[in-house]
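*Asks:* Below: sequence and its predicted model.
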Amino acid sequence: MTKVKICGLQEQEHVMTAIHAGADAIGFVFAPSKRRVSIEQAQLLAKQVPQGVLKIGVFVNPTPAEVKEAVERVPLDYVQYHGEETPAFIQEQGYPAIKALSVHGREDVEAAADYQVDYYLFDAPGTDFKGGSGQSFDWALLEKIGIPREKLLLAGGLNIDNIDAAITSVAPFMVDVSSGVEIDGIKDHTKIQVFINAVKRRNI
């Protein structure tokens, strides 16, 4: 059963739409991005998130203090590392972790083996920022990966038009969408609902 993460949420109304539609995880971006939120914003949004829906914080090359403050104050269930963080750095923080890898080619997929984390998120390379580019990558690169599918998260250019093919091709534990449920850079209620429904329908 494929789970769904709606990432880059900034408004309470969009958080509620995602939750009511059946999102399994909510992503708050603390890294440089047009979707960035402050800890105070995330704290308010997190109050709307019921138990059972994961709260995931997205960071790019953070300091230990930045991670600790967000985890404790929001609070967060998982820390998603989306930069050049080393395996040692992630282990030292000691929090449930997701390592995001931008996939240009096979070597980026193979780099996942260096990390001992709870989940591995494979994403398309960013443009202005890490991730969130709306572009996809060659899913065939994940065919012979030595990571269990129950630890594999897929992101990068996912939308209502390709989500069925993405799940069929990759069989990820969770799909992660941001720009694919937006109109002109703003989250859209209908797009969020339709995307989540499309994934959940496959699980019936």
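*Replies:* Sure thing, it's come through.
*Asks:* Find the residue at the geometric middle of this structure.
*Replies:* Centroid check for the chain by C-alpha atoms, centre = their mean gives Asp176 as the closest residue, at 4.6 Å.
*Asks:* Now do the same contact list for that residue.
*Replies:* Residues near Asp176 by C-beta atoms under 8 Å, 6 or more residues apart in numbering: 5, 7, 27, 121, 123, 153-155, 158. Yep, even glycine has a C-beta here, placed from its N, CA and C like the rest.
*Asks:* The longest helix along the chain packs against which elements?
*Replies:* When the chain is parsed with DSSP state H, its longest helix is helix 189-202. Using 3 or more C-beta pairs under 8 Å, 6 or more residues apart in numbering; DSSP states H and E, the elements in contact with helix 189-202 are strand 3-7, helix 12-21, helix 163-170.
*Asks:* Parallel or antiparallel, list what pairs with the shortest one.
*Replies:* Okay, so that is strand 3-7. Paired neighbours of strand 3-7 in the sheet (DSSP bridges): strand 25-29 (parallel), strand 174-177 (parallel).
*Asks:* Which residues does the helix or strand that comes right after the shortest one contact?
*Replies:* Of the helices and strands lying after strand 174-177 in sequence (DSSP states H and E), the nearest is strand 182-183. Contacts made with strand 182-183 from outside it, assessed by C-beta under 8 Å, 6+ apart, are listed as 188, 191.
*Asks:* Strand 182-183 pairs with which strands, and in what direction?
*Replies:* Going by DSSP bridges, the partners of strand 182-183 are strand 186-187 (antiparallel).
*Asks:* in the chain, what secondary structure element scores lowest on mean pLDDT?
*Replies:* The weakest-scoring helix or strand in the chain, judged by mean pLDDT, DSSP states H and E, is helix 106-110 (a mean of 91).
*Asks:* and the next helix or strand after that one, how far from the chain's centre?
*Replies:* Of the helices and strands lying after helix 106-110 in sequence (DSSP H and E), the nearest is strand 119-123. Chain-centre distance of strand 119-123: 8 Å, with C-alpha atoms, centre = their mean, to the nearest Å.
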